[in-house]
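Engineer: A predicted structure for the sequence below; I have some questions about it.
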Number of protein chains: 2
Amino acid sequence: MGFLGTASCQAGVVLDKLEAALEPEGGLMVPYDLGARGSCQVGGNISTCAGGLRLLRYGSMQANTLGIEAVLADGSILNMMNSLKKDNTGYHLRQLFIGSEGTLGIVTQAVLQCPIRPRSINLALLSLKKFRDVLSTFTLAKQTLSETLSSVEMMDSVCMTSVGNKLGLKCPLDNDSDSFFMVVETHGSREDHDVEKMSCFVQEAMDKGLVVDGITSNEPSRMTNLWQLRERITESLCKDQYVFKYDITLPLGKFYEAVEVLKQRLEPFGSEVQVSGFGHVGDGNLHLNVTSPTYSDALQNAIEPFVFEWTSSVGGSISAEHGMGFKKAKFLKYGKSPEAIRLMRSIKSSMDPLGILNPYKVLPPA
Amino acid sequence: MGFLGTASCQAGVVLDKLEAALEPEGGLMVPYDLGARGSCQVGGNISTCAGGLRLLRYGSMQANTLGIEAVLADGSILNMMNSLKKDNTGYHLRQLFIGSEGTLGIVTQAVLQCPIRPRSINLALLSLKKFRDVLSTFTLAKQTLSETLSSVEMMDSVCMTSVGNKLGLKCPLDNDSDSFFMVVETHGSREDHDVEKMSCFVQEAMDKGLVVDGITSNEPSRMTNLWQLRERITESLCKDQYVFKYDITLPLGKFYEAVEVLKQRLEPFGSEVQVSGFGHVGDGNLHLNVTSPTYSDALQNAIEPFVFEWTSSVGGSISAEHGMGFKKAKFLKYGKSPEAIRLMRSIKSSMDPLGILNPYKVLPPA
């Protein structure tokens, strides 16, 4: 732990253990937060370039990973356990390992930049009628909540119905079949200022007719309950259903169009096949899901590669925050140009000439 | 310009021209700001991984450069003009070009993440008696100004005397020979909240006996004048003097010790040789200067490589925000391990086998 607010740790530490260890020491926190916080490890978070719930406020892994130690393919240890916020001595090598999914080296230790834990947290759950209103409300939140804005999440009516029916989590707002919901959270240092900013924001959103209904809270257990409505969607969709899951970034104007386009395309499969969307509207990251009582090749073939082609055609990313793994490696061409893939191959073969580090991942077969 | 707050530009655009072009479009701004804003170009800022005055608040080039286009050594064009905040399709190649000083490719275009321009800016100029008090005041600023804190700069008495004597810039606070000065700036969205936070901070710093005297302002022309006291130090030190300039990052406990250690070492050269320090205490980046009426080999040899050895021995970086260039390439070993330098060489030779891109820079001769 440094004066500037940094923490070094082993790669194997579980995210919520690190978060708990940081709390007493000057009240720092890990900059990112994931639903998987109870099981995911920091080394994996770095290797997959995790995003999560508050990237909007605290920034990406590229922004927050100050140092790493990695074991290279030849067995040598690359010690770059730097905890400095500025260091321009040579190439920024650590960045190569962030998001390379263990294919260039194995991250064994890390130094993270850690912000001060906010003294005041405020949350709003909002219901809206149109996705267009979600975007306008996001713009308003950026203007009025500004420096305190830490999360802007959205979920559609299908997701909200699912957490209600499958997990018994009751939404305190009305859920019509065309409803959208947003979770807006702020992190700040002064409770009086932050409560005032949040209530001005909600009031203005209602006055403008953007928001149908909303509740705000800064009571910790109440906020935890409200977050469950968003955080446990993946779990609820999996109950008794087969789920085709996609994790994409889109230009915001196209964000929810992904759901609508896929819904139309899958109409012939009947009403048991449902398309839904939720995610981090604050960074354009949509979690797009197709649920069906069972798996079918026909359904799979109707979705892929269409979903990747469409995402690529509108300038999106086919993997926002979960990487390519081995399942999506063959679709890398929808995300990167031939020149970029050639350069990736050249880096991979110069750093791991025998191909022993996580083979089959990230890069498609030549 | 995207909905999420991004801007694409040619590499040759001058920083303050880009800043001016952004202002009308939704009131965005470039995340970084440099004293050289009137002449430096965005491509150079990316290639040298510029830091500047508000990195503390808005983050590094790694955080803010979303996309680039670069020409590679073989003449091919690598188009990664991505404006997405999350994209995990393959290796994060753009990061390789940030800070590589044109030795791996020539950056020709870029996409920057751009924050909303703050509605309210507040500044404090403070005088203090001891460097220890500078650190305590910085900690207090992080706690009380928190999410609004954008710059924490310091300068010593020698620097303040220099801008007064050489440029006629009058410091409104007393300047004794043992004084330190700080510029603390906040960027926020609500003037009433921000003024209150700033005045609470200054009051508390005075009540605690950390700050001797201080003035605050949110009047634009007054703030510009006060910033001159900090921004024009480099210019004033150069007047009628030879300057040995170093740009280092240090753990904050060692920040000003760099000046004291060098002062003691250079005592035999007499009182005409002056050591002074100023810089970004918010990110540990010290600009360390030795001024002398004339250049001398003896003085140069007394400073180098000592200053690099000492910086390295306390865990600092010998180049915080200006890169290695060709003058410091031979000192790279004080910043990076043999394994890291080996990996840099391997990347350089795989990407530029003929060594035609900016030869002699960054990496020392093999």
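Structural biologist: Arrived safely, thanks for sending. Numbering: from 1, shown residues only, chains lettered A, B, ... in the order given.

Engineer: okay, CA-based contacts and neighbour counts for the rest of this
Structural biologist: Fine.

Engineer: Pull the number of nearby residues for A:D156.
Structural biologist: For A:D156, the neighbour count with other Cα atoms under 10 Å in any protein chain shown is 25.

Engineer: What values do phi and psi take at it?
Structural biologist: According to degrees, to the nearest 10, the main-chain angles of A:D156 amount to phi -90, psi 180.

Engineer: for A:A36, same thing?
Structural biologist: According to degrees, to the nearest 10, A:A36 has phi -80, psi 20.

Engineer: what's the burial count for it?
Structural biologist: With other Cα under 10 Å as criterion, A:A36 counts 13.

Engineer: Contacts only, for it.
Structural biologist: With contacts defined as Cα atoms under 8 Å, 6 or more residues apart in numbering or on different chains, A:A36 has no neighbours.

Engineer: now it: how far from A:N64?
Structural biologist: Applying Cα to Cα, to the nearest Å, the value for A:A36 to A:N64 is 19 Å.

Engineer: How about A:K254?
Structural biologist: 29 Å.

Engineer: same thing with A:I46?
Structural biologist: Taking Cα to Cα, one finds A:I46 at 10 Å from A:N64.

Engineer: again with A:S120
Structural biologist: A:S120 is 22 Å from A:N64, by Cα to Cα.

Engineer: which SSE is A:P118 in?
Structural biologist: Using DSSP states H and E, A:P118 falls within no helix or strand.

Engineer: you'd agree it is up against A:H187?
Structural biologist: Yes - here A:P118 reaches A:H187: they are 5.4 Å apart, a contact under Cα atoms under 8 Å.

Engineer: More neighbours: which of these two?
Structural biologist: Neighbour count, other Cα under 10 Å: between A:P118 and A:H187, A:H187 has more, with 23 against 19.

Engineer: helix, strand or coil for the more buried one?
Structural biologist: strand (DSSP: H, G, I helix; E, B strand; the rest coil).

Engineer: Please name the residues that touch it.
Structural biologist: Counting by Cα under 8 Å, 6+ apart, A:H187 has contacts A:118-122, A:148-150.

Engineer: Intersect these with the contacts of chain B.
Structural biologist: When Cα under 8 Å from any Cα of the partner chain is applied, the members of the contacts of A:H187 adjacent to chain B are A:T148.

Engineer: ok, and the most crowded of the contacts of A:H187?
Structural biologist: Result: A:T148 is most packed of those (other Cα under 10 Å), 27 neighbours.

Engineer: State the pLDDT value of that one.
Structural biologist: Note for A:T148: predicted pLDDT of 97.

Engineer: Contact distance from chain B - what residues of the stretch 201-350 of chain A qualify?
Structural biologist: A:249-253, A:282-285, A:316-324, A:332, A:335-337, A:339-340, A:344, A:346-347, A:350.

Engineer: Which ones among these map onto helices?
Structural biologist: A:339-340, A:344, A:346-347, A:350 (DSSP state H).

Engineer: Make a PyMOL selection of whichever of the residues you listed turn out to be buried.
Structural biologist: In PyMOL, this line selects whichever of these come out buried by 16 or more other Cα atoms under 10 Å in any protein chain shown:
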select buried, chain A and resi 340+344+346+347+350
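
Engineer: so can I have TSV of the ones in helices among the residues of the stretch 201-350 of chain A next to chain B showing pLDDT?
Structural biologist: Output for those, formatted as TSV (pLDDT from 0 to 100):
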residue	pLDDT
A:E339	97
A:A340	97
A:M344	98
A:S346	96
A:I347	97
A:S350	95
